[in-house]
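return a 3D structure for these sequence lines:
(chains A and B)
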Amino acid sequence: MTAGLLLGALLALAAVVYVAAPFLREPDAPVDRLAEPDGLELRRLALIEERDRSQDALHELEFDHRTGKLSDEDYRTLVGPLRRRVAEARRALEPRGEGRERVRAAG
Amino acid sequence: MAELGRAALVVCLGLSLYALVAGSWALVTRRRRLAVSAQNALVAAFASALVGSLVLVVALVRHDFSLVYVATLTSEQLPLGYTLSAFWGGQEGSLLLWLLVLTGYSALVVATSRRRRSELLPWVVPPLALVAVFFAFMLVVISSPFETQLAPANGAGLNPSLQNPYMVAHPPLLYLGYVGLTVPWAFGMGALLARRADEAWIVATRRWTLVAWTALGVGQLLGAKWAYEEIGWGGYFAWDPVENAALMPWLAATAFLHSVMIQEKRGMLKVWNLLLVILAFGLSLFGTFLTRSGILDSIHSFTESSIGPWFLGFIVLVLALSIALVFVRLPLLRSRTRLESLVSREATFLYNNLLLVALCLTILWGVIWPLLSEAVRGEASVVAGPYYNFFLRVFGLPLLVLMGLAPLVAWRRASLRSLGASFAWPAGIAAGVAVVLLALGAGSSPVGLLAYTFSAFVLGSIGYEFVRGTRARRSLEGGSRRSAFSSLVGRNRRRYGGYVVHAAIVLLAIGIAGSAYDTVREARLARGERLEVGGYTLTYLGTTERMSANARELRAQVKVQRDGRDLGIIEPGKNFYPVEQQVSAEPAIRTDALSLGDLFVILENSNADGSVRLKALVNPLVNLIWLAGLVFLTGSLIALWPDPAEERRLLERYALAPA
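Okay, here's the model as predicted:
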């Protein structure tokens, strides 16, 4: 066996050890299940995204109005619904039990 | 050493295959340790590809001509820098670079996603591994850089046109871009496999896409600079299929970078964004296929090529699987939001997307039409510059206008009155510039005049946006103008970095439009004779010859004068490479820092009687193209710069889902 092949075999051996590491480190893992968000958690994530999106939109709206890109009239028309959406998303995300109920209801 | 190289590639193939199979099985059975093991396999595949690459580098440096690849592309006389660049000078080395960059990106994806506890990671591993399997398979079975032979005394040397500093940097940057587009595609497919319709995949791929897009953009500009200095025809872009191969994925990625903002802001265009990442990735594979399959020489050489049919099969497989997955997940991807107005920021982004994709597909058609016609009729049709230039104007000029319009329009909707008020300053600047240019005689090229006017409009609108934004920030926070400006940019680096990139595109457009005003003269000159071109007087003084490390260099001595002032001597010439048995043109370029134009002189031939034939061009504003590269890079870096507050917010958002 030449030096090149020997080095190649060592590389393969090191790779096998590294690939097997999760099993060597936890030979009898009590929980071996991929963590995945359930339907409720996904709905919660959607609400968080909606809240963040509405908040960002509200900031953009304020800034566009301040820089003169948005007329007073357009601003007044758009700001109300956006504020309501932010408030609704925040309420639905409240950490209390009824907030969780709302997430379920919203889903 | 060749054995170690081959072994490393075999190990890399095995690891990639394991990552694909074990990673997929882990998703089916939902087994955590198996998924982590598959991720480790991808990281180890990078280490193996790195070992294989190092073996090739060592063989190149040691002039180990027992490797066919080294002997075909280098020689004892080749300078070290170019010897190293021979790594990607041939098919096998290019494929190895693809694999190295791909597994490198994959290892980084694994490392960063683990740190961020991304639950998408297990779903991203199989798509990444699929691509790695393909490239590793090609290198192990079809096209190995470690083929050996009885070592000849010297190698054949590197094609002289590749012996240029820009060619050292251009291909690796293009590959960083091409291969980088695998990451957003893999995340997009991973999200679909995981049935995730949220924005986690978009958030995770923002930086990856920007890095790939920036590398592809800078790589193309370096390629243009190489063509300008090395090919010796006075131009920098010829709509060559190889150049188009890099432009198309860049255009698709540009469209994605814009449309993804609509998804982030409004939750719209989910399907469109996935189709764009598929298109960008498919085009990056297609670009590699075009340049490496031999199909550009002829359909015949493609069918005889060792890698062409494999590549085509893989592209079809990837596109079919990706589109089928989007189709299957369509019900998940429905958006509940609609465009509120056709006069809004998101509407301008949508128009921009349609134009970018139309331009991209038009170029694609121009590239594949000659191939299709050759395959069907046995005779290739030629799609030349006028076709591409026509569509560049048709789609490019409206794109320029949109670049100026978008910053002036509010999100959601804008009344015509407020739009008019925003419009006044930039439009006034553009009109003023148009009048001045007309007075200066720029009307000789209506397209050029239009491009300059629109460019002035875009620069005016960007400047106005910075001024208005700074003023608004100052009214909110107080403080100095400088602190308000920093706060403005720091709070939204992506937007203001994007504006700087837009300014770069404008510089590029001005530089390109400058070619409409080029002057060209050509003459046979005896010693002491003169040639007048674009205000310059060139006097031919004679020729000299000298030897460099690996070439004989013939140079014509030409005195340059302008308005009676001596500007020095330039030396256009030719290099003769004895090992490679090839000749390269070495044009002389004199840059005028004030006008940003070049005097570009080519030695066409030298005659036995001591006379020479010179071709001289005056290229106005051409240096704006290279300046655009620096501005582009600056804008991209601003957009890429981490925003800790934003990152914290996103980490909190996705940390709510279980790790």
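
tell me the contacts of B:E545?
B:R552, B:E553, B:L554, B:R555 (CB atoms under 8 Å, 6 or more residues apart in numbering or on different chains). Any C-beta I mention is one placed from the backbone N, CA and C, and that applies to glycine too.

next, it: secondary structure please.
Classification of B:E545 by DSSP: H, G, I helix; E, B strand; the rest coil places it in strand.

bridging residues for it?
Listed beta-bridge partners, B:E545: B:L554 (assigned using DSSP bridges).

against chain A, how distant is it?
45 Å (CB to the nearest CB, to the nearest Å).

for that residue, give me the pLDDT.
B:E545 carries a pLDDT value of 93.

over to A:S54?
Here, the pLDDT recorded for A:S54 equals 89.

same check on the one 4 residues further on?
In the predicted model, A:L58 carries a pLDDT score of 91.

buried only: go through the contacts of B:E545 for me.
Taking 16 or more other CB atoms under 10 Å in any protein chain shown as the criterion, what is buried in the contacts of B:E545 is B:E553, B:L554, B:R555.

still on that earlier bit, quick check, nearest of the contacts of B:E545 to chain A?
Nearest to chain A among those is B:R552, at 39.4 Å by CB to the nearest CB.

with adjacent residues omitted, what lies nearest to that closest one?
Spatial nearest neighbour of B:R552, excluding adjacent residues (CB to CB, 6 or more residues apart in numbering or on different chains): B:F576 at 4.5 Å.

and which of the contacts of B:E545 is nearest A:L45?
Relative to A:L45, the closest of the contacts of B:E545 is B:E553; by CB to CB it sits at 65.0 Å.

ok, that closest one - contacts?
Here B:E553 is in contact with B:E545, B:R546, B:M547, B:G573, B:K574, B:N575, B:F576, B:E586 (CB under 8 Å, 6+ apart).

can you select the buried ones from these in ChimeraX?
Those of those that count as buried under 16+ other CB under 10 Å are selected in ChimeraX with:
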select /B:573,574,575,586
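
what packs against the strand or helix carrying B:H258?
Assigned by DSSP states H and E, B:H258 belongs to helix B:241-266. In terms of contacts (3 or more CB pairs under 8 Å, 6 or more residues apart in numbering or on different chains; DSSP states H and E), helix B:241-266 is packed against helix A:39-66, helix B:165-180, helix B:200-226, helix B:270-292, helix B:345-377.

mean neighbour count and distance to B:G235 added to those helices, as JSON lines?
JSON lines is the format used below for the helices and strands packed on helix B:241-266 (neighbours: other CB atoms under 10 Å in any protein chain shown; distance: least, CB to CB, whole Å):
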{"stretch": "helix A:39-66", "mean neighbour count": "18", "distance to B:G235": "43"}
{"stretch": "helix B:165-180", "mean neighbour count": "22", "distance to B:G235": "15"}
{"stretch": "helix B:200-226", "mean neighbour count": "22", "distance to B:G235": "9"}
{"stretch": "helix B:270-292", "mean neighbour count": "24", "distance to B:G235": "20"}
{"stretch": "helix B:345-377", "mean neighbour count": "18", "distance to B:G235": "17"}
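
could you find the closest non-adjacent residue to B:E92?
B:P145 (3.7 Å).

does the one you found count as helix, strand or coil?
Per three-state DSSP, B:P145 ends up coil.

ok, now B:V583?
Criterion first, three-state DSSP; result for B:V583: strand.

any weak-confidence spans in chain A?
Confidence mapping of chain A against pLDDT under 70 gives the ranges A:1, A:95-107.

which secondary structure elements does the helix or strand in which B:V11 is found contact?
Under the criterion of DSSP H and E, B:V11 resides in helix B:2-29. If you count contacts as 3+ CB pairs under 8 Å, 6+ apart, helix B:2-29 packs onto helix A:3-25, helix B:32-61, helix B:91-115, helix B:121-137.

try it again with 10 Å
In this structure, helix B:2-29 makes packing contacts with helix A:3-25, helix B:32-61, helix B:68-73, helix B:91-115, helix B:121-137, helix B:182-193, judged by 3 or more CB pairs under 10 Å, 6 or more residues apart in numbering or on different chains; DSSP states H and E.

apart from its neighbours in sequence, what residue is nearest the residue of the stretch 501-650 of chain B found nearest chain A?
Evaluated by CB to the nearest CB, the stretch 501-650 of chain B has B:R649 as its residue closest to chain A, separated by 7.5 Å. Nearest non-adjacent residue to B:R649, counting by CB to CB, 6+ apart: A:D52, 7.5 Å away.

contacts only, for that neighbour.
Neighbouring residues of A:D52 by CB atoms under 10 Å, 6 or more residues apart in numbering or on different chains: A:V86, A:A89, B:E199, B:E264, B:R649, B:L650, B:R653.
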